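Colleague: for reference, the sequence and a predicted model appear below.
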Amino acid sequence: LATVAAGRDVLLEGPPGTSKSTMLRSITSEWGIPFVFVEGNADLTPTQLVGHHNPSRVLREDYSAGNFVAGPLVEAMRTGGFLYIEELNRAPEDTLNTLLTAMAERRIAVPRVGVVEALPTFRIVASMNPFDNVGTIRLPDSVHDRLCRIAIGYQDAEAERGIVVQRTGIESARLVADAVALTRATRERDDVRQGSSVRGAIDLTVIATQLATLRDVALPEAPALTPPRDLPADYTGVVLDALLVALSGRIHVDETLAATPEAVLHEVWEDHFLLNPSAAKPG
């Protein structure tokens, strides 16, 4: 809040699922200003970012400011909105260079249109995942020099449980606690390069609920955050199947190891439901 209120552009650096876009939508909604979303990828060209002249109208009328179709950058500047560029380090370097003048001078010159001046509330906010190196580029120093950087990590366990309840409407304290604990455990293993975000816990919760309904399995009442030793096998089996479906595509196992995502998740499940409760048994 302080950074954008001070008139600065900002880079939010953190793993997926840490509420970066949700946070920005909340800010712009509270302030009553537009939120313009752009997905950074190799196909994002300067023309797509700035805008283009309507080809059919150009043929009929020639080039004019009236037949210019504004891109997200010009739209955000004219409306004083936040231009949010997701995965900034996936965009080509020439596209990133298009942003430099807008960030430095709050204006850009568009051929055959003129100079576009940004309203005072215009901001560029970008995000990037520091753990992903597939299809990404190193951001130029000229871009880094114009952005303030905020590193964003995962929420704590209590917050993640609250997010799961809010997103799913499922109030089973046992299932929510297990889903969050299993998901968080994937971030702490040496054989996992990147664990799952809270989105995995959300999907795990809703899939396990549906599986329990299909299999006529009751969700236990145990409200404790740590699982007791006497949880029914049919419930823990439901959670295991939901875990494999929800998280096997979300975790990135260390490529130097022979382990599969399914094997890693099975170990996470065993640690949570079998080994940890047994270790807590007196004697």
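Modeller: On my side now, so go ahead. Residues are numbered from 1 along each chain as shown.

Colleague: switch to C-alpha atoms for all contacts and neighbour counts from now on
Modeller: Fine.

Colleague: tell me how far the nearest residue to Leu119 once chain neighbours are set aside lies from Thr28.
Modeller: Spatial nearest neighbour of Leu119, excluding adjacent residues (C-alpha to C-alpha, 6 or more residues apart in numbering): Gly80 at 4.6 Å. For Gly80, the distance to Thr28 equals 11 Å [C-alpha to C-alpha, to the nearest Å].

Colleague: this protein: helices as residue ranges?
Modeller: Using DSSP state H, the helices found in the chain span residues 2-5, 20-31, 46-50, 55-61, 72-79, 93-105, 141-144, 157-168, 173-185, 198-214, 233-247, 261-270, 276-279.

Colleague: pipe those helices into a markdown table and attach mean pLDDT per row.
Modeller: Below are those laid out as a markdown table (pLDDT from 0 to 100):
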| stretch | mean pLDDT |
| --- | --- |
| helix 2-5 | 92 |
| helix 20-31 | 90 |
| helix 46-50 | 91 |
| helix 55-61 | 64 |
| helix 72-79 | 94 |
| helix 93-105 | 90 |
| helix 141-144 | 88 |
| helix 157-168 | 95 |
| helix 173-185 | 96 |
| helix 198-214 | 97 |
| helix 233-247 | 97 |
| helix 261-270 | 95 |
| helix 276-279 | 73 |
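
Colleague: dump the ones you listed to CSV, plus distance to Glu87.
Modeller: Converted to CSV, those look like this (distance: least, C-alpha to C-alpha, whole Å):
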stretch, distance to Glu87
helix 2-5, 19
helix 20-31, 11
helix 46-50, 14
helix 55-61, 30
helix 72-79, 16
helix 93-105, 12
helix 141-144, 14
helix 157-168, 23
helix 173-185, 23
helix 198-214, 18
helix 233-247, 22
helix 261-270, 25
helix 276-279, 38
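
Colleague: ok, which of those comes nearest Glu255?
Modeller: Distance to Glu255, taken as C-alpha to C-alpha, is lowest for helix 261-270 among the helices of the chain, at 10.9 Å.

Colleague: next, the angle from that closest one to helix 173-185.
Modeller: Here helix 261-270 points in a direction 130 degrees away from that of helix 173-185 (axes from the mean of the first three to the mean of the last three C-alpha atoms, to 10 degrees).

Colleague: which residue is the nearest non-sequential neighbour of Val50?
Modeller: In space, and not counting its chain neighbours, Val50 is closest to Gly71: 4.5 Å by C-alpha to C-alpha, 6+ apart.

Colleague: so what's the one you found up against?
Modeller: For Gly71, the contact set (C-alpha atoms under 8 Å, 6 or more residues apart in numbering) comprises Thr47, Gln48, Leu49, Val50, Gly51, His52.

Colleague: do that again at 10 Å, thanks
Modeller: With contact taken as C-alpha atoms under 10 Å, 6 or more residues apart in numbering, Gly71 is in contact with Val38, Pro46, Thr47, Gln48, Leu49, Val50, Gly51, His52.
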